[in-house]
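Enquirer: What would the 3D arrangement of this be:
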Amino acid sequence: MALHPQAKAALEESADETSVADPAFDVAAERAAAHAAALVAPREPVGQVLDLVADGVPVRFYRPDAEEPAALVVHLHGGGFVLNDVEVHDPAARRLANRSGLAVLSVGYRKPPEHPFPAAPDDVSTVVRWLGAGGLAELGLPPLLPLVAHGDSAGANLALVAALRHPGTFAATALIYPFLDPGMAGESYRTGAEGFDPAEARWYWEQYAARPEDLQHPDLAPLRSDRLHTLPPTLVVTAEHDPLRDEGELLAARLSDLGVEVVGTRYLGMVHGFWRHADAFDAAEPLMRQVAGFLRQHV
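Expert: Down below sits the predicted model:
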């Protein structure tokens, strides 16, 4: 399928933005601008929003109004490991809580280049351990409440790694266009890279890895993991016009071969990043509801 007209319009609107791979790109300025824009963005009301610190890691907790939550979603934001934060993802986290009826915990993990690998997955592990050692009670939730993991792009990498690091901890994982392969081997890097240049993907991996050998580590490149068979039921979502499409679909195929319960969905005509932007993409809301339904199905 050709690019959806909404995807084409979004690409045209962002055509003049400075690429992260451009030497003139300013990480601090981009983070500040995204954070400031998020502060004035429309956001849905939820029953409770609480900022706190989980053993040194900042987190934001969302509790929906509608019912007693049946699970807690550990949400990891995307942004190539380098960009975005809890505030930028606040509107999406609220929508996820409201659509699913589940509580959501958005994790403010450390980011490169200041804090390269393994700072981010270590922070996620710290939060997982905190939840198991009394954090759920601190959030006003039952101590045996099921946990599920969710993330988009680099956040999907972190959600997957968390499930691999802590087997048996999560009842399900939902991964939206996961960023998995620093080798960038998929054909989609050559045939489906509209709006996300492979040079940008390479730049993100270079920021994330502290050393070249980190690019081979399964906690950074989880397709290399020998523990994929330990995963809970997993949803893998890809976008047709996204260089990350093939690595996400390779993950789904491997999980299927290993006997893991897996659902793979490709959104036709879509580009990387569409999930968070319900105002620009008609497909964003159905995807949010698909994630919400999949997570509820498994708790």
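Enquirer: which stretch of helix or strand covers Met270?
Expert: strand 262-271 (DSSP states H and E).
Enquirer: Also Glu206?
Expert: Taking DSSP H and E as the definition, Glu206 sits inside helix 198-208.
Enquirer: next SSE after that helix?
Expert: strand 234-241.
Enquirer: Now do the helix or strand just after that next one and strand 234-241, the angle between them.
Expert: For strand 234-241, the following helix or strand on the C-terminal side (DSSP H and E) is helix 245-257. With axes from the mean of the first three to the mean of the last three CA atoms, to 10 degrees applied, the angle from helix 245-257 to strand 234-241 works out at 150 degrees.
Enquirer: For helix 245-257, which outside residues touch it?
Expert: The contact list for helix 245-257 (CB atoms under 8 Å, 6 or more residues apart in numbering) reads 160, 175, 177-181, 185-189, 192, 222-223, 228, 231, 234, 236-239, 262-264, 266. Heads up, the C-betas are built off the backbone N, CA and C, glycines and all.
Enquirer: which among those residues end up buried?
Expert: A residue is treated as buried here by neighbour count (16 or more other CB atoms under 10 Å); on that basis the buried members of the contacts of helix 245-257 are 160, 175, 177-181, 186, 188-189, 192, 222-223, 228, 231, 234, 236-239, 262-264, 266.
Enquirer: Find the nearest non-adjacent residue to Val73, please.
Expert: For Val73, the nearest residue in space outside its immediate sequence neighbours is Val104; the separation is 4.5 Å by CB to CB, 6 or more residues apart in numbering.
Enquirer: Okay, buried residues for the helix or strand hosting that neighbour please.
Expert: Assigned by DSSP H and E, Val104 falls within strand 103-107. Neighbour-count burial for strand 103-107, with 16+ other CB under 10 Å as criterion, is recorded at 103-107.
Enquirer: same deal with stretch 27-43?
Expert: For stretch 27-43, the buried set under the neighbour-count rule, 16+ other CB under 10 Å, comprises 30-31, 34, 38.
Enquirer: Among those, which one lies nearest to Pro116?
Expert: Proximity of those to Pro116 (CB to CB) peaks at Arg31, which lies at 16.0 Å.
Enquirer: show me the contacts for that closest one.
Expert: Applying CB under 8 Å, 6+ apart to Arg31 gives the contacts 83-85.
Enquirer: Looking at neighbours, which among those is most surrounded?
Expert: Of all those, Asn84 has the most neighbours under the rule other CB atoms under 10 Å, reaching 23 neighbours.
Enquirer: all helices of the stretch 1-150 of the chain, in order?
Expert: With DSSP state H, counting those that start in this stretch, the ranges of helices along the stretch 1-150 of the chain come out as 5-13, 27-39, 90-100, 119-130, 136-138.
Enquirer: Give me whichever of those helices is most buried.
Expert: Mean neighbour count, computed with mean count of other CB atoms under 10 Å, is highest for helix 90-100 among the helices of the stretch 1-150 of the chain, reaching a mean of 23.
Enquirer: And the contacts of that helix?
Expert: With CB under 8 Å, 6+ apart as the test, helix 90-100 has contacts from 38, 41-46, 49, 60, 62-64, 66, 73, 75, 86, 102-104, 106, 150, 275-276, 278, 288-289, 291-293, 295-296.
Enquirer: For the strand holding Met270, which helices and strands make contact with it?
Expert: Packing contacts for strand 262-271, counted by 3 or more CB pairs under 8 Å, 6 or more residues apart in numbering; DSSP states H and E, involve helix 5-13, strand 234-241, helix 245-257, helix 284-297.
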